[in-house]
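# The sequence and its predicted three-dimensional model are supplied below.
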Amino acid sequence: MDQRLLLGLVADGKGNVAVRLAEAAGISRQAASARISAAVRAGSITRMGVGRGVRYALAETQRQEREFRREALSEDRVWRSLCAPVVADLPPNVRDIWQYGLTEMINNAVDHSGSETVRVGIIRNALYTQAWVADTGEGIFLKIARALDLYDPREAILELAKGKLTTDPANHSGEGIFFSSKVFDLFDIQSGALHFMHDDGLDDILIERPKNAPGTLVLMRLDNQSLRTTKEIFDKFAVPDEYSFARTIVPVRLAQHEGEKLVSRSQAKRLTMRFERFKSVILDFAGVEEIGQAFADEVFRVFQKAHPDTRLVPANMTASVREMISRAKLLSAQDKHN
């Protein structure tokens, strides 16, 4: 039996592991219990409680954590001394992802946070590895909002989702966070009262937290046997026959704050800000039930007319959204003939 089945059932935290393992593997409850006990003895999972109160969890096989002075901190030294040994025996593509993502996030904290210290940690278990980079600086969302003169820090999350965003263009390309969020199974940023989570295969999520915590925490997780590669992700956002970051996917719902509908031209202008830096923008309307006429017109007629070299591609539309976009495109076509 593939041990990953057992590890996955333990990792999801739903309990009743023996029963679910027996059903999933087509074995007896007794055989399932024996395999769970073997995994406990092998040190890949831990057992807590007894009888019906028993609970299982993935066991940590390696853990490293350290706080560094931010000034003059070198991300490659942190990688080599603290993180690389934890993933040294994992597949090369997995090691490459960890080196890319961790060094990018450490460098971001060093160059942008203004924090006195940076804390880096990494934990490995039999199924996946998880790491974090934390600082006590201004906070990434507040800093972006201030640099771009945004009205609401929540708008900073939308800008991060677009990519090519940096508050220091002379020294940074603005690609690090964007690509890091795509290469990991889970990529999580918590700063201030906001929490942005990219979970591979699921919608990007924006959560407003009850506490306004200082600084920024970036959390990353990746399956130890992931088949993903950095090249695969980079190629996905490059235009064919070019090597530049020229395509992006924008979750439109991130422009729709709680209780609001996307109806105004000002909302559309915030959405399309910096679109002209890309050759192709896929507008993902998943989670958006409807949009207003003025919003659609501003995006698909006004912006498109002003920036004909940027191709806008709407996706995952409801019938209502599709109708509004079609009307705006029709008006745009009529403009061209007048």
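Everything's here; your move.
# May I have stretch 285-292 as CSV, with CA atoms only?
Extracted in CSV, the C-alpha atoms of stretch 285-292 (Å, rounded to 0.1, in the frame of the first residue of the first chain):
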residue,chain,number,x,y,z
PHE,A,285,-14.1,36.2,-13.0
ALA,A,286,-14.5,33.1,-10.7
GLY,A,287,-16.5,34.2,-7.7
VAL,A,288,-17.9,37.3,-9.3
GLU,A,289,-21.6,37.0,-10.0
GLU,A,290,-22.2,40.2,-11.9
ILE,A,291,-20.6,43.5,-12.9
GLY,A,292,-21.9,46.9,-13.8
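# and it, average pLDDT?
Stretch 285-292 carries an average pLDDT of 92.
# How about stretch 315-328?
On average, stretch 315-328 scores 94.
# for stretch 197-212, same thing?
pLDDT averaged over stretch 197-212 gives 71.
# Ala268 is in contact with Phe295, isn't it?
Yes - counting by CB atoms under 8 Å, Ala268 does reach Phe295; the two are 4.7 Å apart. C-beta here means a position set from N, CA and C on the backbone, and glycine is covered the same way.
# Pick out whichever of these two has more residues nearby.
Each of Ala268 and Phe295 has its neighbours counted (other CB atoms under 10 Å); Phe295 has more, 26 against 23.
# centre of the chain versus the helix or strand that contains that one, how much separation?
Per DSSP states H and E: Phe295 is located in helix 293-297. In terms of CA atoms, centre = their mean, to the nearest Å, the gap separating the centre of helix 293-297 from the centre of its chain is 29 Å.
# buried set for the helix or strand that it is followed by?
Where DSSP H and E defines the elements, the next helix or strand beyond helix 293-297 is helix 304-306. By 16 or more other CB atoms under 10 Å, the buried positions in helix 304-306 come out as Gln304.
# With stretch 9-26 instead?
For stretch 9-26, by 16+ other CB under 10 Å, it's Leu9, Val10, Ala11, Val17, Ala18, Arg20, Leu21, Ala22, Ala25.
# Out of these, which two sit at the greatest distance?
Maximum pairwise distance in the buried residues of stretch 9-26, criterion CB to CB, is 17.8 Å, between Ala11 and Ala22.
# What are the phi and psi values at Ser113?
The phi/psi pair for Ser113 (degrees, to the nearest 10) reads phi -80, psi -40.
# Neighbours of it, how many?
Around Ser113 there are 23 other residues, counting by other CB under 10 Å.
# how much space between it and Gln130?
Ser113 is 21 Å from Gln130, where distance means CB to CB, to the nearest Å.
# picking up where we left off before, of all the buried residues of stretch 9-26, which comes closest to Ser180?
Nearest member of these to Ser180, counting by CB to CB, is Ala11, at 22.3 Å.
# Which elements pack onto the longest helix seen in the chain?
Counting by DSSP state H, the longest helix found in the chain is helix 92-112. Packing contacts for helix 92-112, counted by 3 or more CB pairs under 8 Å, 6 or more residues apart in numbering; DSSP states H and E, involve helix 75-78, strand 117-124, strand 128-135, helix 140-147, helix 176-183, strand 205-223, helix 230-236.
# Make CSV from those and add mean neighbour count and distance to Arg55 to it.
Shown next, in CSV, are the helices and strands packed on helix 92-112 (neighbours: other CB atoms under 10 Å; distance: least, CB to CB, whole Å):
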stretch, mean neighbour count, distance to Arg55
helix 75-78, 16, 34
strand 117-124, 20, 19
strand 128-135, 22, 19
helix 140-147, 20, 35
helix 176-183, 22, 32
strand 205-223, 16, 21
helix 230-236, 14, 36
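# With distance to Asp309 as added columns, please give these in a markdown table.
A markdown table is the format used below for those (distance: least, CB to CB, whole Å):
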| stretch | distance to Asp309 |
| --- | --- |
| helix 75-78 | 35 |
| strand 117-124 | 40 |
| strand 128-135 | 36 |
| helix 140-147 | 26 |
| helix 176-183 | 21 |
| strand 205-223 | 30 |
| helix 230-236 | 21 |
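# Contacts only, for Ile291.
By CB atoms under 8 Å, 6 or more residues apart in numbering, Ile291 lies in contact with Lys261, Leu262, Val263, Phe285, Ser320, Val321, Met324, Ile325.
# of all the residues you listed, which comes closest to Gln3?
Distances from Gln3 to the contacts of Ile291, taken by CB to CB, are shortest for Phe285, at 40.5 Å.
# Just give me the neighbour total for the closest one.
For Phe285, the count of nearby residues is 21 (other CB under 10 Å).
# got a list of what it touches?
Phe285 touches Val252, Arg253, Ile291, Pro314, Ala315, Asn316, Met317, Thr318, Val321, counting by CB under 8 Å, 6+ apart.
# picking up where we left off before, what comes up buried for the longest helix of the chain?
For helix 92-112, the neighbour count (16+ other CB under 10 Å) marks 93-94, 96-112 as buried.
# thinking again about what came up before, take the buried residues of stretch 9-26 and keep only those in helices.
Leu9, Val10, Ala11, Val17, Ala18, Arg20, Leu21, Ala22, Ala25.
# any idea which of these is the one closest to Val183?
Of all those, Ala11 has the smallest distance to Val183: 20.1 Å, by CB to CB.
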